[in-house]
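Trainee: with the input below, show me the fold.
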Amino acid sequence: MIDVLIVEDSRSARLLLKQILQSDPSLCVIGDVGSGEEAIEFLKSKKPHVITMDIVMPGLDGFSTTELIMETHPVPIVIVSSIYKPGEVENSFRAMEAGAVAIIEKPVAPVHPEYNRLSKQFIDIIKIMSEVKVVTRFARNRKRKTSEIFFETSELLTQKRVNLIAIGASTGGPPVLQTLLKILPKDINAPILIVQHISAGFVEGLAQWLESTTGFPVHIPKDGEYCQNGHVYLAQDDFHMGITFGSRIILEKSQLENGQRPSVSFLFRSVACNFPGNAIAVLLTGMGNDGATELKSIKESGSLTIAQDEASSIVYGMPGEAVKLKAAQLVLSPVEIARTINDYLKK
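Mentor: Prediction:
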């Protein structure tokens, strides 16, 4: 049985979430509270397997509550947010930065035609996230021990001109993308293309959050748009994104790949075909195997391939599959990935 705590200030929304969750016999709502303060108090006596977290609440908002929980009683937290309020979306991604493991749109009422599909999606995410192992996060004002170890790219890797960086990510990806983009130089002499699996409606908020927190220009491109060096291009909802030899974006609404659209596999395949030996491809945390086989194709084309390591991954599905296939030349933490790319570009 999976124990769930609902944190939501709207009574009607709490009842709806409870109704949806308890429709599955493997889920048990052991508490539903209307504020961040009540959530903190609840966790002093009981520990659920997973928490659903509202963002806009009186007193402690969802971001601050997530931050406190991850510092004191770490539990997997799924942000349940409205996509129609810009401030709420921004704080949702801040909550992921603080340690929340996923973000999903607030469920719709039973009269909505999409109720059954979205309810099942919500239940599936709660089940999967309940199994994620989380650790205590340091308070922001607490001093941390800084690692003295700096990773150096293996000299066995032959440096070539890099004309493109391609990144694939899923569950747990947004904070990792933020880490990479914060460290990478803003004058990087290549465009950065990203496929991030995320609930429909959140990609625009993700683009705005990444741009405001990393200093990179972040775009949701149109079909045929030319990619500029030092710019980030984030795949839009429900469209595969690829890249041509002439560095123009391809958008297609063809069939799902690995259950996804956009698919990392679609992007990586275009990279292997059109940038052989002149790209860096990175596969980050996420469920499933999207992009793993195509990462191997990129490696075989002569480009540098990197997978996120298990210790830093929320879910070691995609990068783990890449490691099994021997598709990644390097398996690193997010900070090491960014430093390695910097070192590789400087050679």
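Trainee: helices or strands up against the strand or helix carrying residue 280?
Mentor: Here residue 280 sits within strand 279-283, counting by DSSP states H and E. Contact partners of strand 279-283 among helices and strands, from 3 or more CB pairs under 8 Å, 6 or more residues apart in numbering; DSSP states H and E: strand 164-169, helix 264-274, helix 292-300, strand 304-308, helix 318-324, helix 334-346. All C-beta atoms are positioned from the backbone trio N, CA, C, and that covers glycine.
Trainee: list the buried ones in the last one?
Mentor: Right, helix 334-346. Neighbour-count burial for helix 334-346, counted by 16 or more other CB atoms under 10 Å, picks out 334-341, 344-345.
Trainee: low pLDDT regions in the stretch 151-300 of the chain?
Mentor: For the stretch 151-300 of the chain, the stretches with pLDDT under 70 are 151-159.
Trainee: show me where it has its helices.
Mentor: Here the stretch 151-300 of the chain has its helices, by DSSP state H, counting those that start in this stretch, at 173-183, 203-214, 264-274, 292-300.
Trainee: average model confidence for stretch 18-38?
Mentor: For stretch 18-38, the mean per-residue pLDDT is 96.
Trainee: starting at the chain centroid, how far to it?
Mentor: Computed by CA atoms, centre = their mean, to the nearest Å, the chain-centroid distance of stretch 18-38 equals 25 Å.
Trainee: quick one, grab the pLDDT at residue 341.
Mentor: For residue 341, pLDDT reads 93.
Trainee: go ahead and confirm it touches residue 280.
Mentor: Yes. Between residue 341 and residue 280 there is a contact at 5.9 Å, judged by CB atoms under 8 Å.
Trainee: still on that earlier bit, show me which positions of the strand holding residue 280 end up buried.
Mentor: Result for strand 279-283 [16+ other CB under 10 Å]: buried residues 279-283.
Trainee: farthest-separated two in those residues?
Mentor: Farthest-apart pair in the buried residues of strand 279-283 is 279 and 283; separation 13.0 Å (CB to CB).
Trainee: what about the spatially closest residue to residue 228 that is not a sequence neighbour, distance to residue 275?
Mentor: Nearest residue to residue 228 in three dimensions, chain neighbours excluded: residue 191, at 6.1 Å (CB to CB, 6 or more residues apart in numbering). Distance of residue 191 to residue 275, computed by CB to CB, to the nearest Å: 11 Å.
Trainee: one more: residue 50?
Mentor: Taken as CB to CB, the span from residue 50 to residue 275 is 40 Å.
Trainee: pLDDT weak spots in the stretch 1-150 of the chain?
Mentor: Flagging of the stretch 1-150 of the chain using pLDDT under 70 yields the residue ranges 83-88, 135-150.
Trainee: 80 instead?
Mentor: For the stretch 1-150 of the chain, the stretches with pLDDT under 80 are 82-90, 133-150.
Trainee: tell me where it has helices.
Mentor: Secondary structure of the stretch 1-150 of the chain (DSSP H, counting those that start in this stretch): helices at 11-21, 36-42, 62-72, 86-98, 115-129.
Trainee: adding mean neighbour count and distance to residue 30, write these out as TSV.
Mentor: As requested, these are arranged in TSV below (neighbours: other CB atoms under 10 Å; distance: least, CB to CB, whole Å):
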stretch	mean neighbour count	distance to residue 30
helix 11-21	17	11
helix 36-42	19	9
helix 62-72	22	15
helix 86-98	21	22
helix 115-129	18	13
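Trainee: out of these, flag the one nearest residue 208.
Mentor: Nearest to residue 208 among the helices of the stretch 1-150 of the chain is helix 86-98; the distance by CB to CB comes to 6.9 Å.
Trainee: identify the residues contacting the residue nearest to residue 228.
Mentor: 164-165, 227-233, 247 (CB atoms under 8 Å, 6 or more residues apart in numbering).
Trainee: quick check: phi and psi on it?
Mentor: Here is the backbone geometry of residue 191 (degrees, to the nearest 10): phi -80, psi 160.
Trainee: how far away is it from residue 239?
Mentor: For residue 191, the distance to residue 239 - CB to CB - is 18 Å.
Trainee: list the contacts for the residue lying closest to residue 40 once chain neighbours are set aside?
Mentor: Distances taken as CB to CB, 6+ apart place residue 68 nearest to residue 40, at 5.9 Å, with adjacent residues excluded. By CB under 8 Å, 6+ apart, residue 68 lies in contact with 36, 40, 60.
Trainee: could you export those residues as JSON lines, including distance to residue 46?
Mentor: What follows is these, written out as JSON lines (distance: CB to CB, whole Å):
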{"residue": "36", "distance to residue 46": "16"}
{"residue": "40", "distance to residue 46": "12"}
{"residue": "60", "distance to residue 46": "18"}
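Trainee: spit out the residues that contact residue 191 and residue 275 alike.
Mentor: What both residue 191 and residue 275 touch, as defined by CB under 8 Å, 6+ apart, is the set residue 164.
Trainee: report the contact partners of residue 242.
Mentor: 249-250, 252, 266-267, 269-270 are the contacts of residue 242 under CB under 8 Å, 6+ apart.
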